[in-house]
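*Asks:* Can you look at this prediction? I've put the sequence above it.
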Amino acid sequence: MNTIGKNIRLTSYGESHGESVGVILDGFVAGFELDETFIQNQLNRRKPGQSAISTPRKEVDKVNILSGVFKGKTTGAPIHFELLNQNAKSQDYEKLKDVYRPSHADYTYDVRYGVGNRDFRGGGRSSARITAGWVAGGALVQDFLVREKGIHIAAYVKQIGDIRFEADAQIYTQQEVDATSVRCPNDALAQKMITAIGLAKKEKDSLGGIIECVISGVNAGIGNPVFNKLNAALGHAMLSINAVKGFELGGGFEMSAKRGSEVNDAFQNMHGVVSTKSNHSGGIQGGISNGMDIVFRVAFKPTATIGTVQETLDIIGNAVNIEATGRHDPCVVPRAIPIVETLAAIVIADFVV
């Protein structure tokens with residue numbers, strides 16, 4: 001329930017307002033030189049309080065690596081990544097402990113684990129705060145894939161609300177993606193997205209959006225048929241991210257409204273290298289990579305915590321009104337970029353290492 005991967009395994013722990021969050025990364029290769037700068041940079045891209053369109057919660061998110069590394073290199077032993085929670089304000093949630101917040105996991109956690117066992121502070125285990133650990137461990141794997149396997153993973157914001165970046169999928173540099181706080185590599189659209197998020201925040205509301213991710217350098221033949229498809233593993237990882245409600249590969253849902261003649265990917269032989277003329281398949285056919293760029297999109301719902309008055313129930317079934325206070329993102333999508341990238345790295349590495 002808290003572990004992803006088979007050959008490389010990432011086990012997550014911690015709660016939003018607990019002492020710390022983190023992961024144990026097991027099965028990673030020995031002798032790889034650790035680049036803490038890259039890991040910390042990915043954490044900085046995810047951490048709260050980084051811009052006017054993110055939550056004001058301030059966390060340093062300096063990663064502590066407590067095992068599995070000796071003289072700057074991995075030893076092959078389990079690697080423990082820890083991040084301390086230093087800016088939790090649990091008092092903000094005292095008045096919400098007996099109320100089921102709309103579209104949160106409060107009710108389902110109570111049903112699953114029993115009333116009184118749920119850590120209500122900031123959502124506890126259901127909070128996106130725990131993804132900080134995923135990014136720390138996954139960033140090591142992402143760096144390994146680049147340096148040792150020539151596999152590059154890059155994500156960017158495709159859509160915020162109804163504002164959509166219509167360009168074809170491609171690898172953008174981190175500098176291009178991070179040029180604006182919304183992380184869309186089109187400045188004009190990025191400014192419109194920022195304005196839309198600011199308006200939602202002013203109106204005590206929230207917005208969702210879509211992240212597009214491109215993985216280049218994966219050789220053909222990676223993956224398995226039937227129940228361990230490469231695309232199924234990617235979908236499982238992406239749908240494990242908080243607030244994610246959709247995953248699509250290549251042409252995705254739009255292909256359902258087209259004919260086969262419009263979306264079939266014809267093969268070609270370019271100087272002895274087999275490829276396809278188009279990439280509606282998103283780089284995966286029959287659950288196995290075909291050598292083209294792997295392209296997928298992840299849809300995020302609007303942030304569930306909003307400041308407008310909503311109707312709900314308390315834990316004994318009484319109808320109540322709720323007006324959330326505290327600190328939250330008016331749109332979680334820009335901060336989710338490194339989460340998508342690093343989880344994708346865990347999945348790809350699990351197949352290629």
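*Replies:* Now that the structure is in, tell me what you want to look at.

*Asks:* mind checking the backbone torsions on N85?
*Replies:* Note on N85: its backbone torsions stand at phi -90, psi 110 [degrees, to the nearest 10].

*Asks:* what does L25 give?
*Replies:* Torsion angles, degrees, to the nearest 10, at L25: phi -100, psi 120.

*Asks:* Next, count neighbours for it.
*Replies:* A count of neighbours around L25, defined by other Cβ atoms under 10 Å, yields 26. Just so you know, the C-beta spots here come from the backbone N, C-alpha and C atoms, and that holds for glycine as well.

*Asks:* Can you tell me how far it is from A139?
*Replies:* 10 Å (Cβ to Cβ, to the nearest Å).

*Asks:* repeat for K73
*Replies:* In terms of Cβ to Cβ, K73 sits 16 Å off from A139.

*Asks:* higher neighbour count, the two?
*Replies:* Taking other Cβ under 10 Å, K73 and A139 do not tie; A139 has more neighbours (26 against 13).

*Asks:* any idea of the pLDDT on that one?
*Replies:* pLDDT, A139: 98.

*Asks:* which ones are touching it?
*Replies:* Going by Cβ atoms under 8 Å, 6 or more residues apart in numbering, A139 touches F38, I39, N41, Q42, L43, P338, T342, A345.

*Asks:* From Q40, how far out is it?
*Replies:* A139 is 8 Å from Q40, by Cβ to Cβ.

*Asks:* Around D106, count how many other residues there are.
*Replies:* 23.

*Asks:* From M270, how far out is the residue lying closest to it once chain neighbours are set aside?
*Replies:* Distances taken as Cβ to Cβ, 6 or more residues apart in numbering put Y100 closest to D106, at 4.6 Å, once the chain neighbours are dropped. To M270, Y100 is 57 Å away according to Cβ to Cβ.

*Asks:* which of the two has more neighbours?
*Replies:* Y100 (20 against 8).

*Asks:* And the pLDDT for that one?
*Replies:* 93.

*Asks:* Now for it: which residues touch it?
*Replies:* Counted by Cβ under 8 Å, 6+ apart, Y100 has contacts D106, Y107, D110, T312, L313, D314, I315.

*Asks:* What about those, which are in strands?
*Replies:* Assigned to strands by DSSP state E, the following of the contacts of Y100 qualify: T312, L313.

*Asks:* Of the contacts of Y100, just the buried ones, PyMOL syntax please.
*Replies:* To isolate the buried members of these in PyMOL, using 16 or more other Cβ atoms under 10 Å:
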select buried, resi 106+107+110+312
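
*Asks:* May I ask which two of the contacts of Y100 are separated the most?
*Replies:* Across the contacts of Y100, the longest distance by Cβ to Cβ is 13.3 Å; it joins D110 and T312.

*Asks:* how many neighbours does D187 have?
*Replies:* 11.

*Asks:* Contact partners for it?
*Replies:* Taking Cβ under 8 Å, 6+ apart as the test, what D187 contacts is A179, T180.

*Asks:* Go again with 10 Å.
*Replies:* D187 makes contact with E176, A179, T180 under the criterion Cβ atoms under 10 Å, 6 or more residues apart in numbering.

*Asks:* K301 now?
*Replies:* With Cβ under 10 Å, 6+ apart, K301 has these contacts: S103, S206, L207, G208, G209, N242, A243, V244, K245, G246, V332.
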